[in-house]
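*Asks:* this one's structure only:
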């Protein structure tokens, strides 16, 4: 009984809400700036345009590349379009995208231009304008073959603080408006996408007491849900930008609350926290794994028919104990009578993506 109690206490401890970690890196080497756009392609991150402290205009064209492997920055040829600030960006495959923003030649502060950067040919192409209302200071991030644009200051809105959420499908070259962001409206937040998750960081939030924000929100593409995470650990900021490379997210420049200038050059790196049961119950609540604790038969239930799914059981040391491959249907039952008492991790994989990752306790039947 005492052994089982210790296992349950350990289970509760490791299922506390997991958060990622932030580490401050050496500052960006260019001039201080804010309202820059960012995107990633492969092992490279990019900063483009924005308001640069040493420039003679608020509208910029500078284009910078960050190499994660060498941890170095390189200035590239300027963006060929009109100078701008407060645009948004995301990366998909070998392409980077620049959307909306405040363009120097425009008659309005709100833009809808849409540009595509080809990393292979190092060229820019202007595409058909974004179909929604003109805007600036929205947040962009890419997940797989989709790009996302969220919040920002929208020209037709009754408030400067927006909540609109748009998805770009690269394969069909089309935009779709999704359900609004569920948090408070905001603009000037940074963003990046890691795996099947998108992140929204900082910004000027509508109900906040300061224009400098620290909130972090996570978008789960698989379940189409948003979850608020622990606040950013650095100083509050807005008009920063972000990009992700592999499993790391990056936050750079912007206006920082403790700075003596509106122009920043801080550079931060984010590492995702390990997935836990509590977090997955929130983002994957359409799936059920029961009973938990389990004594003999374990059941996984899905809200729809699964095809060629895989379920894997790992022990607490990460060793694979059992794998059930290519199962179909809405329910799967597994006899776990042979498992010793302990904590195990259940992973469900669909189409190569890890969909569910939950911890269970096996207590052994009498």
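*Replies:* Alright, I've got the coordinates. Keep in mind that this is a model prediction, so the values were computed, not measured.
*Asks:* ok, and the helix or strand in this protein with the lowest average confidence?
*Replies:* helix 277-283 (a mean of 37; mean pLDDT, DSSP states H and E).
*Asks:* Going by neighbour count, list what's buried in whatever helix or strand comes next after that one.
*Replies:* The first helix or strand that comes after helix 277-283 along the chain, using DSSP states H and E, is strand 288-290. Buried positions in strand 288-290, judged by neighbour count with 16 or more other C-beta atoms under 10 Å: 288, 289. In short, each C-beta sits where N, CA and C put it, glycine included.
*Asks:* Which strands and helices lie in contact with strand 288-290?
*Replies:* strand 297-314, strand 353-362 (3 or more C-beta pairs under 8 Å, 6 or more residues apart in numbering; DSSP states H and E).
*Asks:* Pick the most buried one from the ones you listed.
*Replies:* Comparing those by mean neighbour count (mean count of other C-beta atoms under 10 Å), strand 353-362 ranks first with a mean of 20.
*Asks:* Could you list the low-confidence segments of the stretch 1-150 of the chain?
*Replies:* Within the stretch 1-150 of the chain, the ranges that satisfy pLDDT under 70 run 1-19.
*Asks:* Tell me where it has helices.
*Replies:* Under the criterion DSSP state H, counting those that start in this stretch, helices of the stretch 1-150 of the chain are mapped to 2-14.
*Asks:* domains of the chain?
*Replies:* Domain segmentation of the chain under automatic domain parsing yields 21-271, 277-362.
*Asks:* Against residue 77, how distant is the residue nearest to residue 44 when sequence neighbours are not counted?
*Replies:* Leaving aside its sequence neighbours, residue 44 sits nearest to residue 65 (C-beta to C-beta, 6 or more residues apart in numbering; 5.5 Å). Distance of residue 65 to residue 77, computed by C-beta to C-beta, to the nearest Å: 11 Å.
*Asks:* In terms of neighbours, single out the busier of these two.
*Replies:* Each of residue 65 and residue 77 has its neighbours counted (other C-beta atoms under 10 Å); residue 65 has more, 16 against 10.
*Asks:* Buried residues, stretch 34-44. List them.
*Replies:* 34, 35, 36, 37, 38, 39, 40, 41, 44.
*Asks:* Stretch 321-335 too?
*Replies:* Quick answer for stretch 321-335 (16+ other C-beta under 10 Å): 322, 332, 334.
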